[in-house]
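Student: Build me a structure from this.
(2 chains)
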Amino acid sequence: MNDHASRAAAFNADAERTGWHDRALWHVRERRDRAAAQLPEWEALRDAAGEIKAHTLSQLDLYLERFEQNALQAGASVHWARDADELCSLVHALLESRGVSKVVKSKSMLTEECGLNPHLEARGIEVVDTDLGERIVQLRGEPPSHIVLPAIHIKKEEVGELFHREMGSPEGLDDPTRLTEVARGDLRQRFLAAEAGITGVNFGVAETGGIVVCSNEGNVDLGTALPPLHIACMGIEKLVPRERDLPVFLRLLARSATGQAITSYTSHFHGPRPGGELHIVLVDNGRSQLLSSEAFESALRCIRCGACLNTCPVYRRSGGHSYASVIPGPIGSVLEPARDAEAHASLPFACTLCGSCGDVCPVKIPLSQQLLAWRGRLVERGHLGATRRFAQRFAAAVLARPRLYAALGALGRALGRRTPAFLLRANAWGRSRELPELPHRSFRAEWARRRDGS
Amino acid sequence: MARSRESVLAAVRRSGAVERPLPEIRFAPPLLADPVGRFGETLSEAGGELRQVASAEGVGGALAGLPALAEARRVVSGVAAFASRHPDGAPVVPHDLLNLDTAVAAGAPAVAENGAVWVVPGDILGRAALFLAEHLVLVVPRTSLVSTLHEAYAVISAHKARFGCFIAGPSKTADIEQALVIGAHGPRTLTVLLYGEEP
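Tutor: Residues are numbered from 1 along each chain as shown, chains lettered A, B, ... in the order given. Below you'll find the model as predicted:
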């Protein structure tokens, strides 16, 4: 079956790797906790960030127009794309008209979402992802498994083999420092040869028309300082009203993402560099539709920090690829069904409703409530698997009939004690569990006995 | 194109959201007993190193003594106290800076809570140098030190520069098994030289 549970089972086939993945992400979560604890105003910052985004989304048309006007004033070109296809053809047209055949790209989940790389590559343009993690997954022909740590699922020995094959590094090299050095040398040449740089956008400022891009490696800045053409792809939800709103988000973003107080580079662009071009593409691709959904609209506040992924007990133990979506984890499980409910119907069920995602979210998206809401809608739309559908109908029928409930309870207690272990193993939940010792009397019988009998 | 613009805006308007209030941003700066000490700590956590010199006059001498500059053959400097070094001729385009040893730039303010320094390079060569150099040195007046990012934004007017960057530490990555590696694509070291007496 092609659902999250079966893909997670495949990931869990290697128990050692699952444990390693779980621990690596928990470590990042702990770093986030330490960083958050250092700021007494942490909760007030989260409130402010959530309110600023809620306000901006409630006036998004005005802020988009204001942003466009100010970006144009600053000398940038502004383009609009309704969907992924429009973004891809727009970017391709820009590159083609300027005779560009080599592009360096820094990390952008939006271009992943829109399939920009394959679109450009199919038209003869070389696209090099320059973020180290993104480069690793690009060379492996895989999508990122995490929105901030794209190669978190890959071991250093595997990176060593990959670099040996692709970049000619010595065989058996698995030291992260030396591997990074190999990639640095290889990518430096590509930065120098590039004719255009494509970046994502972390924040757009409506009152100034500026864009802000955050990175640790410096790839954003090399990719925009060397080639004269900078194309910035930006989801329409990335706006904040004012420059003074930026510190609220920047103080939360890196602390939530990796536990750093701020990324190494927080770059602000206002118009193109002298003699160069800056093109900002505002992309909708389903965002305006999400905006009109009362239940899920607040998911557009997301600043892509990845904290909900790191904390999620399901994500940590199932790996990003088990979600088979551009954005995995809790936020992905809310966003992806909005794009294609049928294809991603299993994601909102890949959740224990523990609520940890919403607790760490820096913009206070009520993620677990939204996941629960999705479940309801998916059931209504008939996207629930046959087993689950039957089980839920059966449970509803039993729970609505107290006598039937009592009778089946007695039957269950009697049969449960006689169930052979292999039958239990046939069930997904039973595979790694033992049945508890079943009581001889029901709770209600025991209650009645103690009340009347004592 | 115009059609896409109108269509996106119309779709956004159709959502019919009720206006939610925009909060005022009021975060009182913490009273730091030792702001310079705090900046040194956060800079060090970000992988950078703090040096101090008591007066503006001492900046040239202090720079000349830094390891990142003492041995450097090729230097792009954006500060008057230290001359650029171009043994192979003056660079014209960013690509000429491929073998740059060290970049020196002025920055302000410095932010105690996160070790960041706001830098606005003078031109595209100065901008490229910040990221192409093996080593980066930022020269920052001590009086510019603020405690949080809110205060920093209150003074920088970011939009007045075509390009401005908060730089916190050298270039780094942890993309291979979460192991921190300094010197991903950009500078391998960052030294912040704070000058001036205590206010």
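Student: Please identify the helix or strand for residue 16.
Tutor: By default, I'm working from chain A. Residue A:16 belongs to helix A:15-37 when assigned by DSSP states H and E.
Student: That helix - contacts with which helices or strands?
Tutor: helix A:4-12, helix A:246-257, helix A:307-311, helix A:313-318 (3 or more CB pairs under 8 Å, 6 or more residues apart in numbering or on different chains; DSSP states H and E). Bear in mind the C-beta positions are built from the backbone N, C-alpha and C, glycine included.
Student: So which of these is nearest residue A:39?
Tutor: Among these, the nearest to residue A:39 by CB to CB is helix A:246-257 (7.2 Å).
Student: Which positions in that closest one come out as buried?
Tutor: Buried positions in helix A:246-257, judged by neighbour count with 16 or more other CB atoms under 10 Å in any protein chain shown: A:246-257.
Student: which ones among these come in contact with chain B?
Tutor: Among these, the residues that sit close to chain B (CB under 8 Å from any CB of the partner chain) are A:246-248, A:250-251.
Student: hang on, isn't residue B:55 packed against residue B:194?
Tutor: No - using CB atoms under 8 Å, residue B:55 makes no contact with residue B:194, being 11.6 Å away.
Student: So which of the two has more stuff around it?
Tutor: residue B:194 (23 against 10; other CB atoms under 10 Å in any protein chain shown).
Student: Direction included, what does the helix or strand encompassing the more buried one pair against?
Tutor: In this assignment (DSSP H and E), residue B:194 forms part of strand B:189-195. Strand pairing for strand B:189-195, using DSSP bridges, gives strand B:49-53 (parallel), strand B:135-141 (parallel).
Student: Mind listing residues that contact the very next helix or strand once past the longest one?
Tutor: Sequence-wise, the next helix or strand downstream of strand B:135-141 (DSSP H and E) is helix B:149-156. With CB atoms under 8 Å, 6 or more residues apart in numbering or on different chains as the test, helix B:149-156 has contacts from A:243-244, A:246-248, A:250-251, A:262, B:25, B:27, B:29, B:109, B:111, B:113-114, B:116, B:118, B:146, B:164, B:166.
Student: what number of residues lie near residue B:172?
Tutor: 26.
Student: OK, contacts around the closest residue to residue B:23 other than its chain neighbours?
Tutor: Nearest residue to residue B:23, sequence neighbours excluded (CB to CB, 6 or more residues apart in numbering or on different chains): residue A:51, at 4.5 Å. Contact partners of residue A:51, counting by CB under 8 Å, 6+ apart, are B:20-23.
Student: Please give the element, helix or strand, for residue A:51.
Tutor: helix A:42-58.
Student: ditto for residue A:163
Tutor: Counting by DSSP H and E, residue A:163 is part of helix A:156-167.
Student: And that helix, how far out from the chain middle?
Tutor: Between the centre of helix A:156-167 and the centre of its chain there are 26 Å (CA atoms, centre = their mean, to the nearest Å).
Student: hmm, it touching chain B?
Tutor: Yes - using CB under 8 Å from any CB, helix A:156-167 comes into contact with chain B via A:156, A:159.
Student: Which helix or strand lies directly C-terminal to that helix?
Tutor: Per DSSP H and E, the helix or strand that comes after helix A:156-167 is helix A:176-193.
Student: Output the helix or strand following that following helix as CSV, restricted to C-alpha atoms.
Tutor: Using DSSP H and E, the next helix or strand after helix A:176-193 towards the C-terminus is strand A:196-199. The C-alpha coordinates for strand A:196-199 follow below in CSV (Å, rounded to 0.1, in the frame of the first residue of the first chain):
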residue,chain,number,x,y,z
ALA,A,196,22.4,33.6,-12.6
GLY,A,197,21.6,33.0,-8.9
ILE,A,198,18.2,31.7,-7.8
THR,A,199,17.2,32.1,-4.1
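Student: that older thread, would you turn the helices and strands packed on helix A:15-37 into TSV with mean pLDDT?
Tutor: Below are these laid out as TSV (pLDDT from 0 to 100):
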stretch	mean pLDDT
helix A:4-12	93
helix A:246-257	98
helix A:307-311	98
helix A:313-318	98
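Student: which intervals of chain B have sub-threshold pLDDT?
Tutor: B:1, B:199 (pLDDT under 70).
Student: contacting residues around the residue nearest the centre of it?
Tutor: Central residue of chain B (CA atoms, centre = their mean): residue B:167, 2.8 Å from the mean position. Residue B:167 is in contact with A:264-265, B:107, B:116-117, B:119, B:130, B:136, B:138, B:190, counting by CB under 8 Å, 6+ apart.
Student: my read: residue B:162 touches residue A:278, true?
Tutor: No - applying CB under 8 Å as the test, residue B:162 and residue A:278 come out as separate, 9.1 Å apart.
Student: joint contacts of those two?
Tutor: A:269, A:271-272.
Student: For chain B, which residue gets nearest to chain A?
Tutor: residue B:186 (2.9 Å; CB to the nearest CB).
Student: Run the contact check for stretch B:173-183 versus chain A.
Tutor: Yes - applying CB under 8 Å from any CB, one finds stretch B:173-183 touching chain A at B:173-179, B:181, B:183.
Student: Mind putting these into CSV with neighbour count?
Tutor: Putting the residues of stretch B:173-183 next to chain A into CSV (neighbours: other CB atoms under 10 Å in any protein chain shown) gives the following:
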residue, neighbour count
B:173, 25
B:174, 21
B:175, 29
B:176, 27
B:177, 18
B:178, 17
B:179, 14
B:181, 23
B:183, 21
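Student: Now residue 22: closest residue in space, sequence neighbours ignored.
Tutor: Chain wasn't specified; assuming chain A. residue A:316 (4.4 Å).
Student: let's do chain B instead
Tutor: residue A:55 is the one closest to residue B:22 (CB to CB, 6+ apart), at 4.3 Å.
Student: contacting residues around the residue of chain B closest to chain A?
Tutor: Residue B:186 touches A:217-218, A:221-222, A:264-265, B:130-133, B:136, B:170-171, counting by CB under 8 Å, 6+ apart.
Student: what separates it from residue A:209, distance-wise?
Tutor: The spacing between residue B:186 and residue A:209, counted by CB to CB, to the nearest Å, is 27 Å.
Student: same deal with residue A:40?
Tutor: 34 Å.
Student: the more surrounded of those two?
Tutor: residue A:209 (24 against 8).
Student: wait, that one sits on residue A:64?
Tutor: No - using CB under 8 Å, residue A:209 is not in contact with residue A:64, being 11.3 Å away.
Student: So which of the residues of stretch B:173-183 next to chain A are in helices?
Tutor: Judged by DSSP state H, the residues of stretch B:173-183 next to chain A include no members of helices.
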